[in-house]
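K.L.:
Fold the following for me, if possible:
(chains A and B)
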Amino acid sequence: SQELEQSPQSLIVQEGKNLTINCTSSKTLYGLYWYKQKYGEGLIFLMMLQKGGEEKSHEKITAKLDEKKQQSSLHITASQPSHAGIYLCGADSPDGSNYQLIWGAGTKLIIKP
Amino acid sequence: DAGITQSPRHKVTETGTPVTLRCHQTENHRYMYWYRQDPGHGLRLIHYSYGVKDTDKGEVSDGYSVSRSKTEDFLLTLESATSSQTSVYFCAIRKQPEQIFDYTFGSGTRLTVV
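P.N.:
Sure, this is the predicted structure:
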């Protein structure tokens, strides 16, 4: 079965610094989703990538899917306190089933003022 | 947000009692999901539904049942709650705008089994 591994598990970053979170799949990714979760709240959709080499940006967050479609990275530029939370990556099932997403364990991001 | 609400938001229950969590959507989406979130495990699928009375098991379905008698409501029942079911439960709906799948999540239910 496909597994998603996120790294690092947690990250403490000084406000204003850049950071990168990785999501690595054991199999080819057919659709990769990034979500953000604040403590005690639901998940907020950030971006979805499908094509190898694809890159999307929203405000100061950029997500990329590598050419081989087995790894995605999420990069935050000039981090702010509002970026703090848990970031999760999810992937569509490799067998083409559109019922489920497989999830990484999440990366907890803390921004130090 | 997107018209998905979960109730209750918090619940404390005793071991052995049945518990039902409710997920309600206002947008008539076909696919609905129940996940649990635990530290170190991310989100794990409990059950999902692809239509009224059409449901199937996810990877951690033991001890849980679901029902969907109306498009808008997806109920998760813990038949006899155990401490291992202490978790945060999320409901999600799957949208299909222009072939790009988008999952929208509820705010979660924090369940404590004592």
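K.L.:
Tell me the spacing between the closest residue to residue B:8 other than its chain neighbours and chain A.
P.N.:
Of all residues not flanking residue B:8 in the chain, residue B:109 sits nearest, at 6.2 Å (Cβ to Cβ, 6 or more residues apart in numbering or on different chains). From N, CA and C alone the C-beta is placed, and that goes for glycine too. Between residue B:109 and chain A the distance is 10 Å, computed by Cβ to the nearest Cβ, to the nearest Å.
K.L.:
For residue B:109, which residues count as its bridge partners?
P.N.:
Note on residue B:109: beta-bridge partners residue B:89, judged by DSSP bridges.
K.L.:
Give the residue spans of chain B that score low on pLDDT.
P.N.:
Along chain B, segments meeting pLDDT under 70 span B:1-2, B:96-101.
K.L.:
Quick check: residues of it near chain A?
P.N.:
Residues of chain B lying close to chain A (Cβ under 8 Å from any Cβ of the partner chain) are B:31, B:33, B:35, B:40-45, B:48, B:50, B:56, B:58, B:90, B:92, B:94, B:100-108, B:110.
K.L.:
Of the residues you listed, which belong to strands?
P.N.:
Among the residues of chain B next to chain A, DSSP state E puts B:31, B:33, B:35, B:42-45, B:48, B:50, B:56, B:90, B:92, B:94, B:102-105, B:110 in strands.
K.L.:
Next, the residue lying closest to residue A:53 once chain neighbours are set aside: secondary structure please.
P.N.:
Closest residue in space to residue A:53, ignoring its immediate chain neighbours: residue A:67 at 5.0 Å, by Cβ to Cβ, 6+ apart. For residue A:67, the secondary structure call by DSSP: H, G, I helix; E, B strand; the rest coil comes out as coil.
K.L.:
got it, and residue A:47?
P.N.:
With three-state DSSP as the basis, residue A:47 sits in strand.
K.L.:
Show the buried residues in the residues of chain B next to chain A.
P.N.:
By neighbour count, with 16 or more other Cβ atoms under 10 Å in any protein chain shown, those hold B:31, B:33, B:35, B:42-45, B:48, B:58, B:90, B:92, B:94, B:101, B:103-108, B:110 as buried.
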